[in-house]
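> Whatever this is, show me its structure:
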Amino acid sequence: MSAGNVQRLCETTKEKLKYAIDKLEVFLNEHSLSQLAADANEETVHFYKGFLSDLRHLLVFSEVSSEKLGIALRRANFDTEFAEKALYNVYHHCVNNFFYPKSESYSEDGRYAYTGQDAIRFRVKPVRPVRDIILDITKVFEDLRDDLTYYESDYLTERRMQSQRSHA
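The predicted structure follows:
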């Protein structure tokens, strides 16, 4: 990928992450476990504990990735290799953590992706703010996944081939 394309992709990725970061920060600052699981049974409390933990991890991964993209974009001479590694990390840490949360409090059901219905399915029927935050940022992570699919496998394959050529 050309340096100009990588730079533009870094810029748009950083903007998308900023949106998600802002939404996640507001949600996590305004909602606690005791609020979300008020008068809930043990299974529901467990669900919200895992959900909040996953959101905190996603927020941290997104902030770190955004900062690395910012570093790449602020350098006097754009370092394409550094930027591509940062984009690879966005895919593998942010996108994957969004779509495959550790607690499995929700998942993506691909059967709904093209029907206009929400593709996210919750393990437990959540309170409205939980549903809203996930549905609000889903589009961001869908876009990032589409934008960064190259970094799912092609980027690593290219790096391995470069490594093998330099060792030969």
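
> Show me what the longest helix belonging to the chain is packed against.
Longest helix in the chain, counting residues (DSSP state H): helix 42-74. The contact analysis (3 or more Cβ pairs under 8 Å, 6 or more residues apart in numbering; DSSP states H and E) places helix 42-74 against helix 3-30, helix 33-36, helix 80-89, helix 96-99, helix 128-147. In this view, the C-beta of every residue, glycine as well, is placed from N, C-alpha and C.

> change it to 10 Å
Using 3 or more Cβ pairs under 10 Å, 6 or more residues apart in numbering; DSSP states H and E, the elements in contact with helix 42-74 are helix 3-30, helix 33-36, helix 80-89, helix 96-99, strand 106-108, helix 128-147.

> pLDDT-wise, which helix or strand of the chain ranks last?
helix 150-167 (a mean of 64; mean pLDDT, DSSP states H and E).

> Centre-most residue in the protein?
The C-alpha lying nearest the average C-alpha coordinate of the chain belongs to Cys94 (Cα atoms, centre = their mean; 2.8 Å).

> Now do that residue, the pLDDT please.
Confidence at Cys94, expressed as pLDDT, is 96.

> Equivalent analysis for Ala38, please.
pLDDT, read off for Ala38, is 80.
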